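# Build me a model from this:
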Amino acid sequence: MKQRLKKIDRIIKVQQHLHKNAELHLANLQRKESELKVAQEEILETMGDADVLHGLFVDVIANRLKRLALEEDRVHASIVTQKIVTTENALKVKRSEKLLSRLKEEARQGQEKKDLIAILEAVVQKDRTSLP
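You can find the predicted model right below:
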């Protein structure tokens, strides 16, 4: 039983590590998405300033804006997928923790039964030896 508890505990640690990595990956994707949005807003502000461009680089800027939008869409799709992965990892951790607590409770109850049986046998043994 102790080996099983140790094994489940190791599994929980691995699953927690995987969950933490999934959360970090999700945070990085969200950060990247916000950076892309900021870059797009900056380009749009620059395009709105007629004094700076004078219409010379409109095609180049439009292409850059399009690439940023496509990248943002790709990152957003990755975020949706990563949220699912992160949630699944969190559920795996919770299930494993519940399993561990059930196994610990079973081990505790088994030990209590052994102790009770030992006490009862000691009492019965004492009663048998005290009879004349």
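
# any idea how far Ile102 is from Arg95?
That one is not Ile; residue 102 is Arg. 11 Å (C-beta to C-beta, to the nearest Å). For the C-beta atoms, the positions are set from N, CA and C on the backbone; glycine is no exception.

# list the contacts for Val80?
Contacts of Val80 were listed using C-beta atoms under 8 Å, 6 or more residues apart in numbering, and none were found.

# Use 298 as the first number from now on
Yes, from this point I'll number from 298; that puts the last item at Val377.

# Quickly find the element holding it.
Val377 is part of helix 355-426 when elements are defined by DSSP states H and E.

# What's the local residue count around Val372?
20 (other C-beta atoms under 10 Å).

# Now it. Nearest residue, chain neighbours left out?
Nearest non-adjacent residue to Val372, counting by C-beta to C-beta, 6 or more residues apart in numbering: Glu330, 4.7 Å away.

# my read: the one you found touches Arg371, true?
No. Contact criterion C-beta atoms under 8 Å: Glu330 and Arg371 do not qualify, at 9.7 Å.

# Neighbour count: these two, which is higher?
The neighbour comparison of Glu330 against Arg371 (other C-beta under 10 Å) goes to Glu330, with 18 against 13.

# which element is the more buried one on?
Assigned by DSSP H and E, Glu330 belongs to helix 299-345.

# just checking, what packs against that helix?
If contacts are counted by 3 or more C-beta pairs under 8 Å, 6 or more residues apart in numbering; DSSP states H and E, helix 299-345 sits against helix 347-350, helix 355-426.

# Can you tell me how far the spatially most central residue of the chain is from Ala387?
The residue lying closest to the centre of the chain (C-alpha atoms, centre = their mean) is His316, at 2.5 Å. Going from His316 to Ala387 by C-beta to C-beta gives 6 Å.
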